[in-house]
Every structure is written in structure tokens, then in C-alpha cells.
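Enquirer: got a structure for you, letters missing:
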């Protein structure tokens, strides 16, 4: 019951040797089966001992010293003359581990790969190297099925982002990965479809390579453009439209705006705090003696201060001069001062964002120079610049593409003001709502009417989006009609990223493919 894999052997002795356990045993069977002809043999030719590493017991490593026999084959027609007996469930040819430990190490390698798997195996008292685990993974069969699944999902993932990409194929009905291709070209995917017929529906993104491959390799299959990618493309189009009408996002004329007063140049703010109080106290004490003609060395000894510090206090006109930061060079951002002041009044106080904006206008200085240039505005005695009430492009894009029920009352009110000021954005809002209802209710038969209405709008980005939908009209219509999508494929892509991180990004394609196909 406790050691079922040792049921076919006779235990002779169990010893505790150091930190491990050694089990001496021999095979109990009288005969053995020839691996070639399958005939039983009783003629023993020789005996020898094998050392097998087994799974740990009681927190100790286990070694099995097994006495096995070598038999002569009694079948005259068999080409094999002698063979070594194997114990079912315990040994295998040329194996130095038991089948139970081998199965455990393979499972560890599948889930944790090399280094992490070797560390876990060491904690379980099974010494193994990372390379051995990787060899065990590569030895496992990972062949795709002969026939393609009925509903196939396809998407790409990055082996080296921006340089090398591969393709993952998923069975949408069962949710399992079918195969992994070494690139994302149409030729490779077409060849795979020719070798694995049977695909009826293909869920894909809007990449033209996959579309061409399906048209060539499986012309009868129905292509489905994923709804998530359709909505993502629409959101990018909405953002372009909002950017084009950014001037409409400001408050309408007649609405009161708070005026921001800039600090007078050359004036420093009043600094408060413990450091400032100590500086003023030391300044008063030094000048009380220095103004009477006492030497700096005598003042330093009397106040127990460094002579250089006393000299600095003595030569300063006021204590605030010591507290104010040293003047910074503003020659580099100076040509963009008007633009920076305008953006500051609009409520943009992020130095990094302002740096990127003037960099696009020709600024070649550093971000630190911009941050120093803005310091007087931040430390001014005047009120801190109040953020403008006008919403940002990102906010308006989110309000337009979000479900109306998920908006707060304040967001709904601000969006209403925006669409009231801009008829083009109001028209854009109606097109977005029409596309969302069509996608939610799977009313793909209304797509042609929606495209015609979008092309008649005065929004060039929306017109371009509608024209691109016509190029892939059948797949988009199927995506807005059938319930299938590539969401399951995207989940596997996310899992592949995790497997890549486990391999430290250095796994070859064959090893990564094995782990993708074999890891549940």
C-alpha cells in the first residue's frame, strides 16, 4: 500500500546511510519477457546490481540497490540472444532513476522549467540539474493533431519584442493550444492549414497575413474578426477625433475663468521651517558681534561654528539670501517661456509633460533645466495654479467609449457640455453608440448601414476607420454576428509571457513550444 512500485521486487534490507535510505532488493519473478519477440525465458545468463534514485521517504533521499538478471532468449528465430529484465512500474532501459521519480521530475520540469525546477527538486531530496529537466521536457511528445479543430483561434506573440514573433493556434471549443508556429507569416500558416484540414471557423485579429493564409489554406472556412480588436481600433479612432477638436474641450465663452498671477521675477518666497529658524538665529548672532568689529576667527570660537560658515553669514546681507536657492541658468528654456507660461496657466504643472511638449517644438535641453525653470512658479507666494476645468483628451475619449451606465453624474454632465459645444463630437458619440449596440447585440446585418453613415460624417479618422472595415467586411460582419471571439487565444498569449519569464527569456523555440503545449 505504501510502496506500490516495489510490489514486484523482494526487499532484502533497509539501511539508513548518512542522510539517506538504502533499500536492497531483487526481482521476484521467475521468468522475463524478451523485448523483441515477446517470448518468456527462464534461462538466466548473468546477474548485476543497479542503483536507482527513488522518491524521498520521511524527508530522506531513497536509493534502491536492485539485483537484476540477464536472460537468454529461448526463441530460435529471435535475433536477440540476451536481454536484461525490467520491472514494470519501477525500471526502464538505461535509467538511473525509478519511474516514479522520473514522472515527478518531468512534472516539475513542465511547470517550472530548469532552474526553478532544480531548486524545488533539491528541496524534495531529488538531486537533478536544470539541463536534465530541460532534456526531459524535450523528450516528451508534443506533436499537433492530424486534423485541425473545427473552430481555430490564431494570434501572434513576441519571442523578442519588436524583432521576432511567433504564432499560437488554439482550439476555441476545448480551450487548449493546438500548435505553435515559429513565425507569423502567411506562408507558414498556409502550409499548416494544408497539412491539418478540417477548419470551419477561424477567429483572428485584423492582421492581413492571417487573413490571406486562411483564404489560401482553408478557403471554405469562415473568418471572424475579433470584437475586442474592433473596439480597440474604434477607441484609437475616437482619440484621433477628439485630438482634432481639442479646442472644443475648453470652457465656452462667457464662463468665468480663474486668472493665475505669476510671481514677480527676481523675488524669492519666504521659507519657513526648522532649518530657516536656525539660519536666522545664527545670522543674528554672527552679525551682532561682526558689526561691532569682532574678528571672524573670534566669532567662530565663541559660537563654536566653522570659520567658513561664519564668513558666509557675515558677508550675507539678509538671512533670506542664505535660504533662497542659488539662481539657476534658464537660458535654454527661455525661448519657450511664453509657451510654458501659457501651459502653466492652463493647469499643466507636470514638468515631464511640458518637457516633452517643448521637445517636440525643437527644445534640445534636458528635463532638469525645465524643472528648474518651473521652480519659481511652484514656490511662489501667489496661489498655486488651479487645474483647468477643461477635460483632457484622454478623459473625453474614455467618456465617449465607456458604457453610459458606468459614468458618474459629474462625468455625464461634463460630457454633455463637451458635445453641446462641439457638434462633430456629438455626431461621433451617436456613431459610437450605434457600433456598441451592434456589437453587444450581435447585429452584424446593420454593419453596412453603419459604415455608410460613418463615411458621411465630417470626421476624417472615423471615415478612414469605416473604409478599413469595408476591406475586411465579411470577417467583421461575422465577428459582429457569431458568438465566437479570440478572447481564449489572448489568455494563452498572456500565459506564454509567464512561461517566457520563467525561462529568463533565453529558451529556444523548441523548448518554449514544448512548454506551451505540455503545460496545462
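Expert: Structure's in. What do you need? This one's a predicted model, so the numbers in the text were calculated from it and none came from an experiment. Numbering: from 1, shown residues only.
Enquirer: So, low pLDDT: which residues of the stretch 301-450 of the chain?
Expert: By pLDDT under 70, the weakly predicted segments of the stretch 301-450 of the chain are 324-331, 380-389.
Enquirer: my guess is residue 91 meets residue 97, correct?
Expert: No - applying Cβ atoms under 8 Å as the test, residue 91 and residue 97 come out as separate, 9.3 Å apart. C-betas here are computed from N, CA, C, even on glycine.
Enquirer: Report the rounded mean pLDDT for stretch 22-37.
Expert: The average pLDDT within stretch 22-37 is 89.
Enquirer: Pull up the distance across it, start to finish.
Expert: Using Cα to Cα, to the nearest Å, the end-to-end distance of stretch 22-37 comes to 35 Å.
Enquirer: Outside of that stretch itself, list whatever touches it.
Expert: The contact list for stretch 22-37 (Cβ atoms under 8 Å, 6 or more residues apart in numbering) reads 6, 8-16, 39-42, 54, 62-69, 71, 73, 75, 77-80, 83, 85-87.
Enquirer: Restricted to strands, list those.
Expert: Using DSSP state E, 9-16, 40-41, 54, 62-69, 71, 83 are the members of these that sit in strands.
Enquirer: can you map out the helices along the stretch 51-200 of the chain?
Expert: For the stretch 51-200 of the chain, applying DSSP state H, counting those that start in this stretch gives helices covering 99-112, 115-123, 130-139, 186-195.
Enquirer: Of all those helices, which one is nearest residue 160?
Expert: Proximity to residue 160 (Cβ to Cβ) singles out helix 186-195 among the helices of the stretch 51-200 of the chain, at 17.4 Å.
Enquirer: helices or strands up against that closest one?
Expert: If you count contacts as 3 or more Cβ pairs under 8 Å, 6 or more residues apart in numbering; DSSP states H and E, helix 186-195 packs onto strand 164-171, strand 177-181, helix 208-217.
Enquirer: what kind of secondary structure is residue 434 in?
Expert: Under DSSP: H, G, I helix; E, B strand; the rest coil, residue 434 falls in the helix class.
Enquirer: Now residue 312. Nearest residue, chain neighbours left out?
Expert: Nearest residue to residue 312, sequence neighbours excluded (Cβ to Cβ, 6 or more residues apart in numbering): residue 322, at 7.2 Å.
Enquirer: ok, that neighbour to residue 477 distance?
Expert: Distance from residue 322 to residue 477, counting by Cβ to Cβ, to the nearest Å: 75 Å.
Enquirer: and if you look at residue 336?
Expert: For residue 336, the distance to residue 477 - Cβ to Cβ - is 50 Å.
Enquirer: Also residue 342?
Expert: Distance of residue 342 to residue 477, computed by Cβ to Cβ: 48 Å.
Enquirer: try residue 45
Expert: 74 Å.
Enquirer: Looking at these two, which one has more neighbours?
Expert: For residue 45 versus residue 477, the count of surrounding residues by other Cβ atoms under 10 Å is larger for residue 477: 18 against 14.
Enquirer: list residues touching both of residue 91 and residue 97?
Expert: residue 52.
Enquirer: Looking at these two, which is more packed in?
Expert: Between residue 91 and residue 97, residue 91 has the larger neighbour count (other Cβ under 10 Å), namely 24 against 21.
Enquirer: Now do the contacts for that one.
Expert: Counted by Cβ under 8 Å, 6+ apart, residue 91 has contacts 50, 52, 66, 68, 98, 99.
Enquirer: With residue 113 instead?
Expert: By Cβ under 8 Å, 6+ apart, the contact list for residue 113 reads 130, 133, 134, 137, 499, 502, 503, 507, 515.
Enquirer: Go through the helices of the stretch 51-200 of the chain and name the closest to residue 370.
Expert: Among the helices of the stretch 51-200 of the chain, helix 115-123 sits nearest to residue 370 (Cβ to Cβ), with 44.5 Å.
Enquirer: Please work out how many residues are found near the nearest residue in space to residue 217 that is not next to it in sequence.
Expert: Leaving aside its sequence neighbours, residue 217 sits nearest to residue 193 (Cβ to Cβ, 6+ apart; 2.9 Å). Neighbour count of residue 193, defined by other Cβ under 10 Å: 23.
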